[in-house]
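In: heads up, no residue letters with this:
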Ligand SMILES: [Fe+2]
């Protein structure tokens, strides 16, 4: 990266870091069951909600306990169930129309990161009727309170239930971009392991590795606080101790509960301390090829850590210690290698491939430009890279072309 751009990125990041104590971060109220939701809504005198979810969760009956709890409390609800795996601007607009038509007063995001992200973006559009979602790309573009929002994660990974971010894809350009602002932090999050019991194995694996990526990218970045460092390392420990158990036995409710806790903590950590190039590249792949977000992160993470090199080794060692892979006496380069080896081992043990299908060489230039636009100057990564340097990651993870 050009030295002038480097200097600009670092100054931008230092200013954001200094501002952390003055910014309106808050933790969502944690609820343990959907039966706690009516009480929350009644306290706010809210009696008509829009549930934002996907079609599979709706027809599978997963919503029934929530619907029952709302009906018993005489709270009206409408369901928008067309959220796609990478939610689009069109999803958001259709859900928003439903919200307005039905006179809703609050939002419930029910599902993985996609459903919760879509609910956040609906909230942003309600708060900002004259701004489109693409016009709110980046940071601090919402700036007005959104309707009361409750997140119910059915995966343990994205951390969307606690973050200020929503990631939306432009239907026309296939550009996947984040919108980050404080009003998007949900007011409450239901962390109920029962909601993740039926999560399929491959999604347990991918979303769990997404949470690990949040913890590592937040920890090794240059904008941490003592709280985000604590949360990130605790998340990494919980993931190393529980993810493979949740993968091999989906009914292991202790592992499921610990993974929900890990995803929440990792979400808290990256909300203040950001992610890194792994996420920026993964988002570009998700927008263009619908590559599942957690899968892309899992495959990319070892390559990104290798590319950071010595700039990340001291902090990678802390993560390795938290994951029981190194001791205080282990030299940082050895600990970093152990961490990278462990990520590859976990991926292989859970059926995650070493490469990603579908990447076309002709798209790489544009995809790297999107990743550069997302990450620079916002993400306080250990080693700065421009679009040209980021291109290498696509070559690293693309399958051999015939
Ligand atoms: Fe993520």
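Out: Yep, it's here. Worth saying up front: this structure is predicted, and the values here are computed from it rather than measured.
In: for the helix or strand harbouring residue 278, packing partners?
Out: Under DSSP states H and E, the secondary-structure element containing residue 278 is helix 277-289. On a contact count with 3 or more C-beta pairs under 8 Å, 6 or more residues apart in numbering; DSSP states H and E, helix 277-289 meets strand 165-169, strand 176-180, helix 201-220, helix 293-308, helix 364-375, helix 387-397. C-beta: built from backbone N, CA, C; applies to glycine.
In: just for the chain, where's the confidence low?
Out: Scanning the chain for pLDDT under 70 picks out the ranges 401-402.
In: ok, for the spatially most central residue of it, nearest residue in space, not its chain neighbours?
Out: The C-alpha lying nearest the average C-alpha coordinate of the chain belongs to residue 158 (C-alpha atoms, centre = their mean; 3.5 Å). If the residues on either side of it in the chain are set aside, residue 158 comes closest to residue 113, at 2.9 Å by C-beta to C-beta, 6 or more residues apart in numbering.
In: how many neighbours does the one you found have?
Out: Around residue 113 sit 29 other residues, with neighbours defined as other C-beta atoms under 10 Å.
In: what separates it from residue 396, distance-wise?
Out: The span separating residue 113 from residue 396 equals 24 Å under the rule C-beta to C-beta, to the nearest Å.
In: got it, and residue 179?
Out: With distances defined as C-beta to C-beta, the gap from residue 179 to residue 396 amounts to 28 Å.
In: which of those two has more neighbours?
Out: When residue 179 and residue 396 are compared on other C-beta under 10 Å, the one with more neighbours turns out to be residue 179, at 24 against 17.
In: that one bridge partners, please.
Out: According to DSSP bridges, the residues that bridge with residue 179 are residue 138, residue 166.
In: that one contacts residue 134, correct?
Out: No - applying C-beta atoms under 8 Å as the test, residue 179 and residue 134 come out as separate, 9.1 Å apart.
In: how about the nearest residue to residue 290, chain neighbours excluded?
Out: Ranked by C-beta to C-beta, 6+ apart and with sequence neighbours excluded, the top spatial neighbour of residue 290 is residue 86, at 5.7 Å.
In: what kind of secondary structure is that neighbour in?
Out: Recorded secondary structure, residue 86: coil (DSSP: H, G, I helix; E, B strand; the rest coil).
In: which residues are in contact with it?
Out: 114, 167, 169, 176, 286, 287, 290, 293 (C-beta atoms under 8 Å, 6 or more residues apart in numbering).
In: for residue 167, see how far away it is.
Out: According to C-beta to C-beta, residue 86 stands 8 Å off from residue 167.
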